[in-house]
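Participant: below are the sequence and a predicted model for it; my questions follow.
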Amino acid sequence: MQAFVATYLFFIASLYIRAAAVRRVSVPEEHYLTLDCNGLSDSPETEWRHGVSKIIATKHGEAVAYLNQKKYEFMAGGSLRIRDLQMSDAGEYLCNSRLMADVDVLEGKAFSLPVGRTLLLPCDGSDDRKQLWSFRRNKNSKRMNIFTMFRNGTVKREREDPWGRFVLHRGALEILQLVLEDTGKYFCNSNLAATLTVMEVHQHHTTTVVMETVSSDSKAKATAHKRVLMVSVIGLCVLLLLSVLLISFVLRHRRNESRRKYGTTGSRFNQDMMLQTHRLAQTGSESSQSDDENGICPDTGDSELHYASLGHQNWREKGRVQDKTHQVIYSTIAIAVPDQA
């Protein structure tokens, strides 16, 4: 049973560890996104799925197949590039049946995202020229430069970033693990790229109330998490029930063994003794009645008294005998009655 509990806890822990490794990224529509197949780059066969059942790209050695060749493209190491993102491209992406990314497609240039998510911002029309990324927190603050990327690919970091959360990812600005201080406006070459509001999510409310429509993929994820929790609770209940049944069975088995060992010997001996006493009394009554009817007086001579008792045949054996059962002892006492002459 301990092995079962250990296996069950390991299974639950693996689900949470797997969920923590998923890349949760938000990308504006009509932009491209590259997803990495982490840990599986050496596999000769690679399969990408959008959701559980929709296969979008497969690779078997040198043979490659796409659901839509204009939209999907294999990159080095099994990575997948998705072009021209649309709202229908939102959802989960799996590489070789392993969840790699949870993609959220954004509309417009004003975004409200929760703390901890990743944001990918493109620099429109800047594939072949210099990029200067800058940030302004509010109207009263100055614009601060973040990165400068030159045409030869050299990148100059211009903002302190001790945790390395701001990176240039294939020509786009990627902000990892959003925090509240990331709220503000972002510019690429002085053009507004996004107006970002980062929300602090609590259990029952958020600091910023935003009216939004929940997509079907978000509902599916919530349902999946509820199912995992339900399976965990049911598993624990079944384990508890099995433990109770096992304890009940052991106690009942021991009680039955005790009954079979000691039985009800005392009760049976008491019944036998009462039966013998009843028979002696009945015999004596019939004899007296017969003598009275015939006018015969009872014999006043020597007589005998018969009786039955429980105990040991010899009192000296009482200390030596270890058996808890009793014996029925039948005894006869001779009574001598003197003559009345």
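Facilitator: In hand now; what should we look at? Residues are numbered from 1 along each chain as shown.
Participant: so the nearest residue in space to residue 178 that is not next to it in sequence is in which element?
Facilitator: Using CB to CB, 6 or more residues apart in numbering and skipping the chain neighbours, the partner closest in space to residue 178 is residue 198 (5.0 Å). Where you see a C-beta, it was placed from the backbone N, CA and C, and this is true even at glycine. Element membership for residue 198 (DSSP states H and E) is strand 191-199.
Participant: mind listing what's buried along that strand?
Facilitator: By neighbour count with 16 or more other CB atoms under 10 Å, strand 191-199 contains the buried residues 193, 194, 196, 198, 199.
Participant: adding pLDDT, write these out as a markdown table.
Facilitator: Written out in a markdown table, the entries for the buried residues of strand 191-199 read as follows (pLDDT from 0 to 100):
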| residue | pLDDT |
| --- | --- |
| 193 | 93 |
| 194 | 94 |
| 196 | 96 |
| 198 | 96 |
| 199 | 94 |
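Participant: so the residue nearest to residue 178 makes contact with residue 180?
Facilitator: Yes. In terms of CB atoms under 8 Å, residue 198 counts as a neighbour of residue 180; the distance is 5.2 Å.
Participant: what do the two both touch?
Facilitator: Residues touching both residue 198 and residue 180 (CB atoms under 8 Å, 6 or more residues apart in numbering): residue 115.
Participant: residue 235: neighbouring residues, count only.
Facilitator: Residues contacting residue 235 under the criterion other CB atoms under 10 Å number 16.
Participant: let the chain start at 23 from now.
Facilitator: Sounds good: first residue 23 from here, last item residue 257.
Participant: just say helix, strand or coil for it.
Facilitator: Residue 257 carries the three-state label helix when classified by DSSP: H, G, I helix; E, B strand; the rest coil.
Participant: swap in the one 5 residues further on?
Facilitator: Under the three-state scheme (three-state DSSP), residue 262 adopts helix.
Participant: check the one 3 residues further on too.
Facilitator: Classification of residue 265 using three-state DSSP returns helix.
Participant: can you tell me how far residue 47 is from residue 142?
Facilitator: 6 Å (CB to CB, to the nearest Å).
Participant: the more surrounded of these two?
Facilitator: For residue 47 and residue 142, the more surrounded residue by other CB under 10 Å is residue 142, and the numbers stand at 22 against 18.
Participant: list the beta-bridge partners for the more buried one.
Facilitator: Judged by DSSP bridges, the bridge partners of residue 142 are residue 196.
Participant: wait, doesn't it sit right on residue 194?
Facilitator: Yes. The pair formed by residue 142 and residue 194 meets the contact definition of CB under 8 Å, at 5.4 Å.
Participant: next, show the common contact partners of these two.
Facilitator: Here residue 142 and residue 194 share the contacting residues residue 53, scored by CB under 8 Å, 6+ apart.
Participant: torsion angles phi and psi at the closest residue to residue 151 other than its chain neighbours?
Facilitator: Distances taken as CB to CB, 6+ apart put residue 173 closest to residue 151, at 6.3 Å, once the chain neighbours are dropped. Geometry field for residue 173 lists phi and psi as phi -60, psi -30, criterion degrees, to the nearest 10.
Participant: tell me the pLDDT at residue 173?
Facilitator: Predicted confidence (pLDDT) at residue 173: the value is 83.
Participant: cool, residue 73 as well?
Facilitator: 92.
Participant: next, count neighbours for the closest residue to residue 163 other than its chain neighbours.
Facilitator: Of all residues not flanking residue 163 in the chain, residue 206 sits nearest, at 7.9 Å (CB to CB, 6+ apart). Neighbour count for residue 206, taken as other CB under 10 Å: 17.
Participant: right, and residue 206 touches residue 215 too?
Facilitator: No. Contact between residue 206 and residue 215 fails when scored by CB under 8 Å: they sit 11.4 Å apart.
Participant: right, and the helix or strand after the helix or strand bottoming out on mean pLDDT in the chain?
Facilitator: The element with the least model confidence among the helices and strands of the chain, by mean pLDDT, DSSP states H and E, is helix 24-42, at a mean of 42. The helix or strand immediately downstream of helix 24-42 is strand 45-50, counting by DSSP H and E.
Participant: dump that following strand to CSV, restricted to CA.
Facilitator: Provided in CSV are the C-alpha atoms of strand 45-50 (Å, rounded to 0.1, in the frame of the first residue of the first chain):
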residue,chain,number,x,y,z
ARG,A,45,6.1,28.4,-22.3
ARG,A,46,3.1,30.8,-21.8
VAL,A,47,3.5,33.5,-24.4
SER,A,48,1.2,36.2,-25.8
VAL,A,49,1.8,37.5,-29.3
PRO,A,50,0.0,40.2,-31.4
